[in-house]
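Peer 1: Kindly return the folded structure for what I paste below:
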Amino acid sequence: MTPIRCTWANMANPRYVQYHDEEWGVPCHDENRLFEMLNLEGAQAGLSWETILNKRENYRLAFDGWDAEKIARYGDDKVAELLSNAGIVRNRLKVAAAITNAQAYLRLRGEGSSLDQHLWDFVGGQAIVNCFPNGERPAKTELSDRISKDLARRGFKFVGSTIIYAYMQGIGMVNDHDMACFCRTG
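Peer 2: Reported below is the predicted structural model:
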């Protein structure tokens, strides 16, 4: 019997099913993945998440495995290379945001913190399990507003509240799985 999944999961796309089943709503504390997902959620702005998910491996290759130290030093030649790479979203502002985000991330680390510590402090180290009616998830919340403002103040780009709420779902800070979904916990 096929397990019941969230209504948004595109069952025709194996990447999407795997993302739903193994990542979305699952608490993540891996620094590299947290940094990757922050940038991918920003790249998704104005597009579908499925578009970005389908390009995820291309992003990993193009952005040096999301090595923030390398990305922070990207210059004009690397930007030109990225803007000509059909495997990613070729948007100058989004490419520039990844570089800026790497620099902001390194400053955060220089302060003795990490994305993991900083972000999870907002929820006391525990994922929030929401009980929204199926398919009625909010686009943003008061908490995503606060995190968005904090990250923007720290110099991160493409971190609006709606992007941050999707990020929180993607890294499992919030679990918004449909009530009937087999991934639902709590």
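Peer 1: Let me see the ranges of the strands in this structure.
Peer 2: Per DSSP state E, the chain carries strands over the ranges 128-129, 174-175.
Peer 1: What's the mean pLDDT across stretch 100-119?
Peer 2: The average pLDDT for stretch 100-119 rounds to 98.
Peer 1: What are the buried residues along it?
Peer 2: Residues of stretch 100-119 classed as buried: 100-105, 108-109, 114-116, 118-119 (neighbour count, 16 or more other CB atoms under 10 Å). Placement of C-beta: from N, CA and C, glycine included.
Peer 1: ok so, going back, so for residue 86, which of the strands of the chain sits nearest?
Peer 2: strand 174-175 (33.5 Å; CB to CB).
Peer 1: related to what we said a few turns ago, closest one to residue 15 among the strands of the chain?
Peer 2: Using CB to CB, these put strand 174-175 closest to residue 15, at 20.7 Å.
Peer 1: any chance of the buried residues of stretch 100-119 in TSV, plus distance to residue 172?
Peer 2: Formatted as TSV, the buried residues of stretch 100-119 follow (distance: CB to CB, whole Å):
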residue	distance to residue 172
100	25
101	20
102	23
103	26
104	22
105	19
108	20
109	21
114	16
115	13
116	12
118	16
119	11
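Peer 1: ok so, going back, would CSV of the strands of the chain with distance to residue 162, mean neighbour count and mean pLDDT be doable?
Peer 2: Supplementary listing: those in CSV, determined by distance: least, CB to CB, whole Å; neighbours: other CB atoms under 10 Å; pLDDT from 0 to 100:
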stretch, distance to residue 162, mean neighbour count, mean pLDDT
strand 128-129, 17, 14, 94
strand 174-175, 13, 22, 95
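Peer 1: which one is residue 74 nearest to, not counting chain neighbours?
Peer 2: Distances taken as CB to CB, 6 or more residues apart in numbering place residue 99 nearest to residue 74, at 5.1 Å, with adjacent residues excluded.
Peer 1: residue contacts, the one you found?
Peer 2: Contact analysis of residue 99 by CB atoms under 8 Å, 6 or more residues apart in numbering lists 71-72, 74, 79.
Peer 1: can you do 7 Å?
Peer 2: 71-72, 74 (CB atoms under 7 Å, 6 or more residues apart in numbering).
Peer 1: now do residue 122
Peer 2: Per CB under 7 Å, 6+ apart, neighbours of residue 122: 143, 147.
Peer 1: how near is it to residue 30?
Peer 2: 18 Å (CB to CB, to the nearest Å).
Peer 1: circling back to that earlier point, the buried residues of stretch 100-119 in helices, which ones?
Peer 2: 100-105, 108-109, 115-116, 118-119 (DSSP state H).
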